[in-house]
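>>> Build me a structure from this.
(one chain, ligands or ions: 2)
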Amino acid sequence: METRQGIATKEALDLQSVDQDLVQKMVYDALVWSSLHGLVVGDRSVQRSGKVPGVGLVHAPFALLPVSFPESHFREACELAPIFNELVDRVSLDGKFLQESLSRTKKVDPFTSRLLDIHSKMLELNKKEDIRLGLHRSDYMLDEQTKSLLQIEVNTISSSFSGLSCLVSELHRSLLIHYGERLGLDSKKVPGNSAVIQFAEAMAKAWTEYNNARALVLVVVQSEEHNIGGQVIAVVYFRAGYAPTDYPSESEWRARLLMEQSSAVKCPSISYHLAGTKKIQQELAKPNVLERFLDNKEDIAKVRKCFAGLWSLDDSENVSKAIENPELYVMKPQREGGGNNIYGEDVKETLLRLKKDGTDEDAAYILMQRIFPSVSLTFLMRDGICHKDHAISELGIYGAYLRIKEKVIMNEQSGYLMRTKVASSNEGGVAAGFAVLDSLYLT
Ligand SMILES: Nc1ncnc2c1ncn2[C@@H]1O[C@H](COP(=O)(O)OP(=O)(O)OP(=O)(O)O)[C@@H](O)[C@H]1O
Ligand SMILES: [Mg+2]
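Residues are numbered from 1 along each chain as shown. Ligands and ions are numbered 1, 2, ... in the order given. Below you'll find the predicted structure:
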């Protein structure tokens, strides 16, 4: 059923006022829709899940209805995507900047140190990457008090959920086509999302540019054998390789080095990977650093505007402030994949301990202003059960970038990911069980 043109739409939906019968109907339809359209993930409670295709699947955790989000801030985030794509590319070209910015971190963080070793080897070889492919995702929260869009971080490796995020947007549109009139919501206010198609297109273009019809695309995944003997690889996509646990032995490190040395297009290359670290994010936020990498003044101003407060731990003034008011800060090590950050009283304890120890261990972390988005009531769906709770949301904007020598073939915003989590939870992981996939309703 199509919505009628010009129906009265509310700025935001008041969930308290939604009729229980209607909620139950939407829950049922949403669960059926998820099964029919593949909005599913492996079910960890089923032993053979993930081993036998088609066995042990459950709907992905999702929000029943899209979260309200101001259109102007959504546009702002979308406009930033090509600028961040360019910034990552420019930063990646400055080997000295990457090595120097991470030099103290290298001493105390063995994982970052190994990545830097591979990067050094590539610098020694003076290896030119003619085809450069970036599939990134920049995450933001809307700070309630200042009404500003602030960046959480850019992910340059294994930017997840491009597939499922598109499905959640479709699910929400479909629910609003059917129930929008009764809810006073218009399905057209859920923006289209083609993240997965755009990422696939970028990868296919990189493969085409490699120009060998027999060459393969290699996808590096967790706990998988990589038997690539004798095959030509055009594109290596790292769905894994961002966490120390992805390198249980020397052989994984050798494989990473081998791939980096090969002529294949790496997504990401070691320099893109390092450009996405939290330490580099913090270095870029220092005065006059963006100016080294971007030429356009307006672009620089737009990027700077979305930077939250970011500090190195050798900034004693801000460390003291964080010890006084730890709830206003987040401490982050150089890790990806969620669950690694330090919040609240732990920030204070860790900072005091590091101060007392007086070692270089402080170089493993950065300090960040904690962002407080507005809290709203949400229906969260997990394991077929609908649960109403106060939640906050985080918007991710995907960006695809492809450059061949000096020619930029592709530099675009490529869809979005909205994640919503219970307001009391610090971390935002969907797989970890804290957050659900969501989409947005433009207001
Ligand atoms: N400055 C901040 N203010 C408030 N919440 C934050 C802040 N930084 C991080 N978070 C929360 O912690 C989560 C994880 O942070 P971050 O993205 O920096 O770590 P990560 O390990 O790289 O995660 P991911 O797997 O999403 O890339 C975010 O999704 C967000 O919910
Ligand atoms: Mg990350």
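
>>> Next to ligand 2, which bits of the protein? Give me the list.
For the chain, the contact set with ligand 2 under Cβ under 5 Å from the ion comprises 155, 336. Glycine gets a C-beta too; all of them are placed from N, C-alpha and C.

>>> the domain parsing of the chain - what is it?
Listed by automatic domain parsing, the domain ranges of the chain are 66-293+389-442, 309-370.

>>> Make a markdown table from those and add distance to residue 31, mean pLDDT and mean neighbour count to it.
Putting the domains of the chain into a markdown table (distance: least, Cβ to Cβ, whole Å; pLDDT from 0 to 100; neighbours: other Cβ atoms under 10 Å) gives the following:
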| stretch | distance to residue 31 | mean pLDDT | mean neighbour count |
| --- | --- | --- | --- |
| domain 66-293+389-442 | 10 | 95 | 19 |
| domain 309-370 | 26 | 96 | 17 |
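
>>> now for those, which one comes closest to residue 41?
Nearest to residue 41 among the domains of the chain is domain 66-293+389-442 (7.6 Å), distances taken as Cβ to Cβ.

>>> Ends of that closest one, what's the gap?
The straight-line separation of the ends of domain 66-293+389-442 (Cα to Cα, to the nearest Å) is 9 Å.

>>> same check, this time on stretch 324-335
Across its full length, stretch 324-335 reaches 26 Å between end residues, using Cα to Cα.

>>> Identify all contacting residues around that stretch.
Surrounding stretch 324-335, the residues in contact under the criterion Cβ atoms under 8 Å, 6 or more residues apart in numbering are 105, 109, 111-112, 243, 277-279, 321-322, 340-348, 350-351, 364-370.

>>> Alongside ligand 1, which residues does the stretch 51-200 of the chain contribute?
For the stretch 51-200 of the chain, the residues in contact with ligand 1 (Cβ under 6 Å from any ligand atom) are 139, 152, 153, 155.

>>> Would you confirm that the last one contacts residue 276?
Yes: with contact defined as Cβ atoms under 8 Å, residue 155 and residue 276 form a contacting pair (6.1 Å).

>>> so of the contacts of stretch 324-335, which ones are in helices?
Of the positions in these, 105, 111-112, 278-279, 321-322, 345-348, 350-351 sit in helices, assigned by DSSP state H.

>>> quick check, nearest of those residues to ligand 2?
Set against ligand 2, the nearest of these by Cβ to the ion is residue 278 (8.1 Å).

>>> what's that closest one in contact with, if anything?
Contacts were defined as Cβ under 8 Å, 6+ apart; by that measure residue 278 touches 153, 332, 333, 334, 366.

>>> what helices or strands is the strand or helix carrying residue 209 leaning on?
Of the helices and strands defined by DSSP states H and E, residue 209 is found in helix 195-210. Contacting helix 195-210 under the criterion 3 or more Cβ pairs under 8 Å, 6 or more residues apart in numbering; DSSP states H and E are the following elements: strand 131-143, helix 162-183, strand 233-238, strand 265-267, strand 385-404, strand 407-422.

>>> Direction included, what does the third one pair against?
Under the criterion DSSP bridges, strand 233-238 sits next to strand 216-220 (parallel), strand 265-267 (parallel) in its sheet.

>>> right, is that strand up against ligand 1?
No: among the residues of strand 233-238, none lie within reach of ligand 1 under Cβ under 6 Å from any ligand atom; the closest is 13.6 Å away.

>>> now that strand: how far from the chain's centre is it?
When distances are taken as Cα atoms, centre = their mean, to the nearest Å, strand 233-238 is centred 20 Å away from the chain's centroid.

>>> contacts for it?
By Cβ under 8 Å, 6+ apart, the list of residues contacting strand 233-238 from outside reads 133, 135, 157-158, 203, 206-207, 210, 212, 215-220, 259, 262, 264-268, 273.

>>> hmm, 6 Å instead?
For strand 233-238, the surrounding residues in contact (Cβ atoms under 6 Å, 6 or more residues apart in numbering) are 157-158, 203, 206-207, 210, 215-220, 259, 264-267.
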